[in-house]
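In: Build me a model:
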Amino acid sequence: MAATMRVFGFAGWSGSGKTTLIEQLIPRLVARGLVVSLVKHAHHSFDIDKPGKDSYRHRHAGCTEVLLTSSVRWALMHELRGAPELTVAQALASLGPCDLALVEGFKAARIPKLEIWRRELGKAPLHPDDSSVLGIVTDDPVAPTSGLPVFPFGAIDEIATFILAQARPVPGSD
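Out: Numbers count the residues shown, from 1 in each chain. Predicted coordinates:
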């Protein structure tokens, strides 16, 4: 594994296909020998726990953190309890060692990223106002691009190569 974690992001409106694209890219990146992690920003309240389970009960009783562990995986749930949500830098710092950290969401983060854009959503492209967008993935052959590289959704290997060429080190990850 590389000594320095690198980061690359994906931005786009809800329903544009970010999650599906990332899901297709991860196996290609892993096949290239990389340890890949992901930070996903949710714009709403979410809960990965279930009412009635011990961990849920402990969090609702007032624990700030509950760590679940088994022989298969572990998860740490941290209640913010009114504190500000994590910045992308704080979220990345919370990850374990990896070669490449992918970031879904965090539209305003100043990290290298691809914009995922579909005309049928009726939303304006993000890239004209975001110099961090280095390329566009779209199914629209006449999508506004501002001269950026454009990839169709099916060009998974080409997109993976682009990401690896454009990913940048996370400050303090070495």
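
In: quick one: Gln24 is in a helix?
Out: Yes: judged by DSSP: H, G, I helix; E, B strand; the rest coil, Gln24 forms part of a helix.

In: and the nearest residue to it once chain neighbours are set aside, what are its phi and psi?
Out: Leaving aside its chain neighbours, Gln24 sits nearest to Ile156 (5.1 Å; criterion: Cβ to Cβ, 6 or more residues apart in numbering). The way it works is simple: take the backbone N, C-alpha and C, and place the C-beta from them, glycine included. Torsion angles at Ile156 (phi, psi; degrees, to the nearest 10) stand at phi -60, psi -50.

In: contacting residues for Cys63?
Out: Glu79 (Cβ atoms under 8 Å, 6 or more residues apart in numbering).

In: Please tell me how far it sits from Leu100.
Out: To Leu100, Cys63 is 32 Å away according to Cβ to Cβ, to the nearest Å.

In: Contact partners for Arg168?
Out: So Arg168 contacts 6-8, 111-112 (Cβ under 8 Å, 6+ apart).

In: hmm, try it at 7 Å
Out: Listed by Cβ atoms under 7 Å, 6 or more residues apart in numbering, the contact partners of Arg168 are 6-7, 112.

In: Quick check: it vs Thr64, distance?
Out: Applying Cβ to Cβ, the value for Arg168 to Thr64 is 32 Å.

In: now swap in Ala155 and tell me
Out: Taking Cβ to Cβ as the measure, Ala155 falls 44 Å from Thr64.
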